[in-house]
Every structure is written in C-alpha cells, then in structure tokens.
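*Asks:* coordinates only, sequence not included:
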C-alpha cells in the first residue's frame with residue numbers, strides 16, 4: 001500500500017533509523033508532560049477565577065485539581081499519536097490515514113470525557129447540595145463538547161510534529177553541508193600540500209645540486225636541513241585545518257628562507273605582523289600559495305628580482321591578511337592558478353560568505369593579494 005511505502009526511514013524522535021536511548025526518550029516524555037501540565041494549570045486557573053468572578057460558590061481547591069487532572073489523557077496518548085504520524089502521514093491522498101487519525105482522536109476524546117466525568121462524579125467539585133451528578137449525565141455533554149476541542153488539539157499536535165520535523169531536516173541538511181564543506185576543505189588542503197611537495201622540492205633539489213657543483217658544501221647542507229624541516233612541517237598534523245597566525249608565519253619564514261637560497265639577493269621580503277595578532281586562528285597553509293604565486297609570477301620574472309610584503313591587520317571582528325609584490329602587474333583577465341583556486345574554494349568552504357579573497361593590481365606599481373576572514377582565537 002502507498003502509505004506503507006511512504007513511511008519515513010527516520011522519525012524526528014529517532015537517531016540513525018533507531019529509537020533514541022532510554023535517557024532521550026525520558027527527556028522527550030518529560031517535555032510532553034510539561035507542555036500538557038502547563039495547559040492544564042492555565043485551564044484550571046482560568047476556570048476557578050472566572051467562576052469566582054461570577055459569584056459562584058464551589059469547592060475551589062477541588063475544582064482546580066479536578067480541572068487540571070482531567071487533562072491527563074493527553075500526555076498519555078500524545079506519544080502514540082506521534083508514532084502513528086510516522087506510519088500514517090498527514091496530509092495524505094489516501095483515506096486510510098485520515099480515518100485512522102479521526103478514530104484515534106475520537107478515542108482520545110472518549111477517554112478524556114470518561115476520565116473528566118469520573119473525577120467530577122467522585123469529587124463533586126461544584127458542591128452540588130443534592131450530591132454528585134450522575135456519571136451518565138456528565139459524560140454525554142462532555143464527550144460531544146470535547147470532540148471539537150479534541151479535534152483542534154489533535155490538529156495542533158500534527159502541525160507541531162510537522163514543524164519539528166521540518167526544523168530537524170533543516171538542521172540535518174546544515175550539518176551535512178558543514179561536513180561536506182569540511183571534507184572539501186581537507187581535500188583542498190591536501191591538494192595544496194601535494195602541489196608544494198613535488199614542485200617546490202624539485203626546485204630546491206636543483207638549487208642544492210647547483211650549490212654542490214659550486215663546492216658550497218655548507219650552504220648545500222644548510223639548505224637540505226631547512227628543506228627537511230619544512231617538509232616535516234608539511235607532513236605533520238596533516239589533518240588539522242586551523243593553526244595560529246604565529247605558526248603560519250613560522251612556516252612561511254622557513255619557506256621564504258629556502259626561496260632566498262635560490263634567488264639570493266633577487267628576493268627581498270618583509271613580514272609585518274603585530275604581536276597581538278599572532279594568536280589569531282587562521283586556515284593552515286593559507287599564506288604559502290599567495291607567496292608562491294607572487295614569487296613565481298612576480299619576482300621570478302624580473303631580472304633584478306623584487307620585494308614581498310606580508311602583513312596582517314584587524315578591524316573589529318575581521319582579520320585581513322595581505323601579500324604584496326612590486327610587480328610586474330597582472331595582465332588583463334588573468335586566470336587563477338591551481339593553488340589560488342584551491343585557496344579561494346577552501347576559504348568559501350570554511351567561512352562561507354564571511355570571507356573574501358582578491359588578487360589585483362595596486363596603484364600601477366605591484367600586485368596585492370588580500371584575504372579577509374572572521375577574527376578568532378583558540
């Protein structure tokens with residue numbers, strides 16, 4: 001039957017297709033009881049106050065307790081209604097779910113009227129001088145009157161169930177999107193590292209070979225040691241996504257030291273990071289692609305080399321990272337390389353719309369890469 005085929009795999013009160021633990025079920029039950037107890041107390045208070053305002057004389061404490069206790073049928077039946085809603089969804093094109101829920105509502109109203117009539121018959125809260133009203137006399141008007149109120153309350157449970165399910169579906173989608181973004185960011189970080197290792201190591205090995213041929217053994221040994229230290233930093237903590245700005249700058253200094261061994265006096269750089277920003281939390285490996293791009297497309301293309309300036313600044317909740325090189329300028333409609341493309345996608349995955357990344361000519365003198373992201377500390 002179609003209603004069986006449309007039965008949801010995961011109700012909103014289950015985890016991973018299985019029923020919640022006893023602790024969570026107990027918590028849900030307490031929440032249901034709390035809601036109905038609040039309704040019962042409000043109804044009892046309103047009943048007593050309105051009757052006293054009209055000058056009536058009843059057993060007020062008994063009337064309050066009986067009115068409140070008469071609502072007990074609803075917290076008892078509400079979990080069953082929620083389970084039924086998972087099996088027979090509303091609204092539905094089939095008549096069976098509607099009939100089943102209508103019958104369930106009628107049963108609840110029947111029990112509700114019976115329980116309320118029994119309580120009133122046994123306690124006589126209205127202080128009738130002739131004694132308690134007969135149960136049969138109380139039951140019929142209560143049942144028919146409660147059918148209307150019960151139908152409204154049952155509809156409210158259905159509507160609330162849909163609202164909670166929609167909220168949980170949205171939360172699950174957001175959690176799944178966050179997990180996917182994290183996986184994407186990890187993959188892009190791995191891609192950046194893989195890009196560094198063969199490309200950068202090949203260039204460094206060429207430089208080391210040149211030093212050996214020039215019989216500059218000490219310089220070659222120093223470069224090998226520096227390269228080993230750098231690769232250890234790349235391979236260590238390979239799964240971590242964030243580091244302090246201080247760690248990122250420490251890594252960048254090692255990278256630049258190796259590049260300076262290759263370019264010698266052609267490469268000049270200055271790092272301007274205020275001490276108070278060193279604790280900022282930034283994506284691991286975020287500045288190296290920008291610096292590599294500046295060296296490859298800027299300094300590396302100039303016979304006399306050039307200068308780099310790496311900076312950071314904070315404006316309230318926003319941290320700005322900059323990498324500037326003094327030319328040559330970007331040609332029109334310059335495409336973004338693999339490293340910078342991964343950087344842009346990774347920032348979007350980690351921060352969504354709370355970040356920006358721009359690469360543009362500045363004042364006809366050089367090229368400026370700018371990243372803005374939320375300022376956070378560990």
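*Replies:* Received it, and whenever you're ready, just let me know what you need. Predicted model, so just to flag it, every value in this text is computed and none were measured. Numbering: from 1, shown residues only.
*Asks:* look up phi and psi at the residue nearest to residue 299 when sequence neighbours are not counted.
*Replies:* Computed as CB to CB, 6 or more residues apart in numbering, the closest residue to residue 299 that is not its neighbour in sequence is residue 306, at 4.2 Å. Using the backbone N, CA and C atoms, a C-beta is placed for each residue, glycine as well. Phi and psi for residue 306, reported as degrees, to the nearest 10, are phi -180, psi -170.
*Asks:* check contacts around residue 306.
*Replies:* Contacts for residue 306 were tallied using CB atoms under 8 Å, 6 or more residues apart in numbering; they are 266-268, 298-299, 325-327.
*Asks:* same thing but at 6 Å, please
*Replies:* For residue 306, the contact set (CB atoms under 6 Å, 6 or more residues apart in numbering) comprises 298-299, 325-326.
*Asks:* inside strands: which ones of these?
*Replies:* Residues of the contacts of residue 306 located in strands (DSSP state E): residue 325.
*Asks:* now distance to residue 162, neighbour count and pLDDT too, for the contacts of residue 306, in JSON lines please.
*Replies:* Converted to JSON lines, those look like this (distance: CB to CB, whole Å; neighbours: other CB atoms under 10 Å; pLDDT from 0 to 100):
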{"residue": "298", "distance to residue 162": "58", "neighbour count": "22", "pLDDT": "83"}
{"residue": "299", "distance to residue 162": "61", "neighbour count": "23", "pLDDT": "83"}
{"residue": "325", "distance to residue 162": "57", "neighbour count": "24", "pLDDT": "91"}
{"residue": "326", "distance to residue 162": "61", "neighbour count": "19", "pLDDT": "87"}
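*Asks:* for the contacts of residue 306, work out which two are farthest apart.
*Replies:* Distance extremes for these: the farthest pair is 299 and 326 at 8.4 Å, using CB to CB.
*Asks:* in the protein, which spans are strands?
*Replies:* Using DSSP E, the strands of the chain run over residues 14-15, 18-19, 242-244, 267-272, 281-283, 306-315, 318-325, 356-362, 366-374.
*Asks:* residue 233 is in contact with residue 251, isn't it?
*Replies:* Yes: assessed by CB atoms under 6 Å, residue 233 is found in contact with residue 251 at 5.3 Å.
*Asks:* among the two, which residue is more densely surrounded?
*Replies:* The residue with more neighbours, out of residue 233 and residue 251, is residue 251; 19 against 16, by other CB atoms under 10 Å.
*Asks:* how much space separates residue 326 from residue 309?
*Replies:* The spacing between residue 326 and residue 309, counted by CB to CB, to the nearest Å, is 8 Å.
*Asks:* what about the protein, any weak spots by pLDDT?
*Replies:* The model of the chain has pLDDT under 70 over residues 1-25, 175-200, 234-239, 333-339.
*Asks:* got the residue ranges for the helices in it?
*Replies:* 2-5, 22-53, 60-69, 73-87, 95-123, 135-213, 217-235, 245-263, 288-297, 338-351 (DSSP state H).
*Asks:* out of these, which is closest to residue 280?
*Replies:* Closest to residue 280 of the helices of the chain, according to CB to CB: helix 245-263, at 4.4 Å.
*Asks:* and the closest one, what does it pack onto?
*Replies:* helix 217-235, strand 267-272 (3 or more CB pairs under 6 Å, 6 or more residues apart in numbering; DSSP states H and E).
*Asks:* next, the angle from that helix to helix 288-297.
*Replies:* Orientation of helix 245-263 against helix 288-297 (axes from the mean of the first three to the mean of the last three CA atoms, to 10 degrees) gives an angle of 20 degrees.
*Asks:* distance between helix 245-263 and the chain's centre?
*Replies:* 35 Å (CA atoms, centre = their mean, to the nearest Å).
*Asks:* so which residues make contact with it?
*Replies:* The list of residues contacting helix 245-263 from outside it, by CB under 6 Å, 6+ apart, reads 204, 207, 223, 226, 230, 233, 267, 269, 273, 277-278, 280, 282, 287-288, 295.
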